[in-house]
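Asker: What would the 3D arrangement of this be:
(4 chains)
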2 protein chains.
Amino acid sequence: MRSLDLFQTHEAAELELVQSLKRRDMRLAVGQALIQEGQVDAPLYTLQSGWAFRFKTLSDGRRQILNFLLAGDFIGVQQKMGDAAAHGVETLTDAVFCVFQRDSLWEIHRRSPSMGFNITWLTAHEESLVDDTLLSVGRRSAEERIAMLLILLFKRAAALQADAGAKGVPFPLTQQHVADALGLSLVHTNKTLRKLERRGLHHIGDGRLYMRDVKALARLADLYGDGRPPVRPLV
Amino acid sequence: MRSLDLFQTHEAAELELVQSLKRRDMRLAVGQALIQEGQVDAPLYTLQSGWAFRFKTLSDGRRQILNFLLAGDFIGVQQKMGDAAAHGVETLTDAVFCVFQRDSLWEIHRRSPSMGFNITWLTAHEESLVDDTLLSVGRRSAEERIAMLLILLFKRAAALQADAGAKGVPFPLTQQHVADALGLSLVHTNKTLRKLERRGLHHIGDGRLYMRDVKALARLADLYGDGRPPVRPLV
DNA sequence: CGAAATGTTGACTATATTCAAGGCAAGTGG
DNA sequence: CCACTTGCCTTGAATATAGTCAACATTTCG
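Answerer: Next up is the predicted model:
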């Protein structure tokens, strides 16, 4: 995984440090909770393979997905020691996580400023993903939101595999997940998704997403730039 | 400012480091841009006094406010060196900023792991504010969103002054800002605000916000906990 | 004092939600 | 192997929340 173009190469000392802090691997099946909302002293994790998502819920059950987690994402920086988790994390596929003790966060900063810096960067980067979503949910129409989501997820997933163009990328979300990520109702999500698909902009089937007209989607989403995800550190 | 309960006390060495990296003070009047959307290599800032906000816009002018910045907030971690700013920052009042060179971020990590750790924490904390807003915008009704915003801003502003209960707190936002922060239209924001005010939940006047019935607002917003903002580092 | 920005309100419209019903595919247990 | 359940997708109809348009009041500021 470290060999992918998406990830920086790190120095031996950095890798050793991270290895030494790693507690164990953890495997979860689809639809399992990694962190419960409100859980105290949850450990830190790196997602090694599979998909997951962070979310919050209101007391009557309304749910908002905050962002999707793919291989390489670092999980749990938000809570201070002793804090309750402000959001839950749940898997979208079978997934493998790398588990760290809560105080590893401090150990990493103390023993490797460069890795500490990387963690700051990863955190800031995740925030900017949430910023993007907030712009979508606050100011884009349903069509635009969906176009945006498809493009962003496609780009992120494509960066983790070789030939996304032909084979598409994995798409383990149900329409309910899409709805909860975009602040839409399930029904409206379905109708909008179908509309875009009928227009030939994309296709979803067999758990995979195929982009049929990225340009049109990008125009819809008012999205510029090549949008290739930036090269990033991997803890 | 450092003497406020809201802020941690830092060691002399840490403060010295920060002082040595500080370039200068910068004063801006109301409604001025601190960072333009798309600006490259913007410096880092700490907001010393006054209010500001981060935002993004779509090409047709629709604007989403990502969060509000109050004294003590650290600005600009999101962009990597050489990157374009993904969001703009603009003042809501006259404001004073403390300016740092872009590479201070790395210097802080290198020379003081504990301050590096603090920056990670501040970044993660800001993300969790955006998370909260995303939940509001995605899943709360207009009334609920406004209740939420009023409570959160009140608590943050109250933590920076002595007796918020009687005097209220400064409230420099126009209704357009409220609308842009919550993903609502200006007109609907106005009507909802008036409705809550007529019900006696709050009062806004002369640029100040007075809470008349925090309990009712908290119930509306489905918000638990004492919600006192956590003690935080100050860079 | 006049211009510009902000706040307020009513009427109309539209986007998105809710309700309801049915289809399809996969999994389960008899 | 087949009935039955369950989860997910799909669609139409009725409804509601929020947006748009328009006009006017009020405040701020040069």
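Asker: A:A216 contacts A:L223, correct?
Answerer: No - counting by CB atoms under 8 Å, A:A216 does not reach A:L223; the two are 11.4 Å apart. Where you see a C-beta, it was placed from the backbone N, CA and C, and this is true even at glycine.
Asker: Pull up the overlap in contacts between the two.
Answerer: Contact criterion CB atoms under 8 Å, 6 or more residues apart in numbering or on different chains; residues shared by A:A216 and A:L223: none found.
Asker: Please give the element, helix or strand, for A:M148.
Answerer: Here A:M148 sits within helix A:142-158, counting by DSSP states H and E.
Asker: which other helices and strands contact that helix?
Answerer: Helices and strands touching helix A:142-158, by 3 or more CB pairs under 8 Å, 6 or more residues apart in numbering or on different chains; DSSP states H and E, are helix A:113-139, helix A:164-167, strand A:169-170, helix A:175-182, helix A:186-198, strand A:208-211, helix A:214-221.
Asker: Would you confirm that A:H10 contacts A:L234?
Answerer: Yes - if you go by CB under 8 Å, A:H10 and A:L234 touch, sitting 7.3 Å apart.
Asker: any residues in contact with both of the two?
Answerer: A:R2.
Asker: Compute the number of surrounding residues for the nearest residue to A:G82 once chain neighbours are set aside.
Answerer: Nearest non-adjacent residue to A:G82, counting by CB to CB, 6 or more residues apart in numbering or on different chains: A:D41, 6.6 Å away. For A:D41, the neighbour count with other CB atoms under 10 Å in any protein chain shown is 12.
Asker: where does A:M115 land on pLDDT?
Answerer: Predicted confidence (pLDDT) for A:M115: 96.
Asker: Domain ranges for chain A, per the record?
Answerer: Structurally, chain A divides into domains by automatic domain parsing as follows: A:12-115, A:130-221.
Asker: so what's A:L66 up against?
Answerer: Per CB under 8 Å, 6+ apart, neighbours of A:L66: A:F53, A:R54, A:F55, A:K56, A:H87, A:V130, A:T133, B:D131, B:L134, B:L135.
Asker: Check those residues one by one and keep those near DNA strand C.
Answerer: With CB under 7 Å from any atom of the strand as the criterion, these include none near DNA strand C.
Asker: Show me what the helix or strand of chain A with the lowest mean pLDDT is packed up against.
Answerer: Across the helices and strands of chain A, mean pLDDT, DSSP states H and E gives its lowest value to helix A:164-167, namely a mean of 80. Applying 3+ CB pairs under 8 Å, 6+ apart, one finds that helix A:164-167 contacts helix A:142-158.
Asker: Convert the helix it packs on to PDB, retaining C-alpha atoms only.
Answerer: What follows is helix A:142-158, C-alpha atoms only, in PDB (Å, rounded to 0.1, in the frame of the first residue of the first chain):
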ATOM      1  CA  ALA A 142     -29.700  17.900  -5.100                       C
ATOM      2  CA  GLU A 143     -28.400  17.300  -8.600                       C
ATOM      3  CA  GLU A 144     -25.300  19.300  -8.000                       C
ATOM      4  CA  ARG A 145     -24.600  17.600  -4.600                       C
ATOM      5  CA  ILE A 146     -24.800  14.200  -6.100                       C
ATOM      6  CA  ALA A 147     -22.600  15.100  -9.000                       C
ATOM      7  CA  MET A 148     -20.100  16.400  -6.500                       C
ATOM      8  CA  LEU A 149     -20.100  13.300  -4.400                       C
ATOM      9  CA  LEU A 150     -19.700  11.000  -7.300                       C
ATOM     10  CA  ILE A 151     -16.700  12.900  -8.600                       C
ATOM     11  CA  LEU A 152     -15.000  13.200  -5.300                       C
ATOM     12  CA  LEU A 153     -15.500   9.500  -4.300                       C
ATOM     13  CA  PHE A 154     -14.500   8.400  -7.700                       C
ATOM     14  CA  LYS A 155     -11.200  10.400  -7.600                       C
ATOM     15  CA  ARG A 156     -10.300   9.200  -4.200                       C
ATOM     16  CA  ALA A 157     -11.100   5.600  -5.000                       C
ATOM     17  CA  ALA A 158      -9.300   5.800  -8.300                       C
END
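Asker: hmm, that helix in reach of DNA strand C?
Answerer: Yes - using CB under 7 Å from any atom of the strand, helix A:142-158 reaches DNA strand C at A:A142, A:E143.
Asker: Spell out which residues of chain A are next to DNA strand C.
Answerer: Counting by CB under 7 Å from any atom of the strand, chain A comes close to DNA strand C at A:S141, A:A142, A:E143, A:G183, A:L184, A:S185, A:L186, A:V187, A:H188, A:T189, A:K191.
Asker: right, and the secondary structure at A:H203 would be what?
Answerer: Three-state call for A:H203 (DSSP: H, G, I helix; E, B strand; the rest coil): strand.
Asker: what's the neighbour count on it?
Answerer: Neighbours of A:H203 (other CB under 10 Å): 13.
Asker: Spit out the contact partners of it.
Answerer: By CB under 8 Å, 6+ apart, the contact set of A:H203 is A:G168, A:E197, A:L209, A:Y210, A:R212.
Asker: now with 7 Å?
Answerer: By CB atoms under 7 Å, 6 or more residues apart in numbering or on different chains, the contact list for A:H203 reads A:E197, A:Y210, A:R212.
Asker: Now rank the residues you listed by neighbours and give me the top one.
Answerer: A:Y210 (17 neighbours).
Asker: looking at it, it is touching A:G168, isn't it?
Answerer: Yes - the pair A:Y210 / A:G168 is scored as a contact, 3.9 Å apart, by CB atoms under 7 Å.
Asker: ok so A:G31 is a helix residue?
Answerer: No - according to three-state DSSP, A:G31 belongs to no helix; its state is coil.
Asker: For it, which residues are in contact?
Answerer: So A:G31 contacts A:E90, A:T91 (CB under 7 Å, 6+ apart).
Asker: May I have the phi/psi pair for it?
Answerer: Recorded main-chain torsions at A:G31 are phi 70, psi 10, according to degrees, to the nearest 10.
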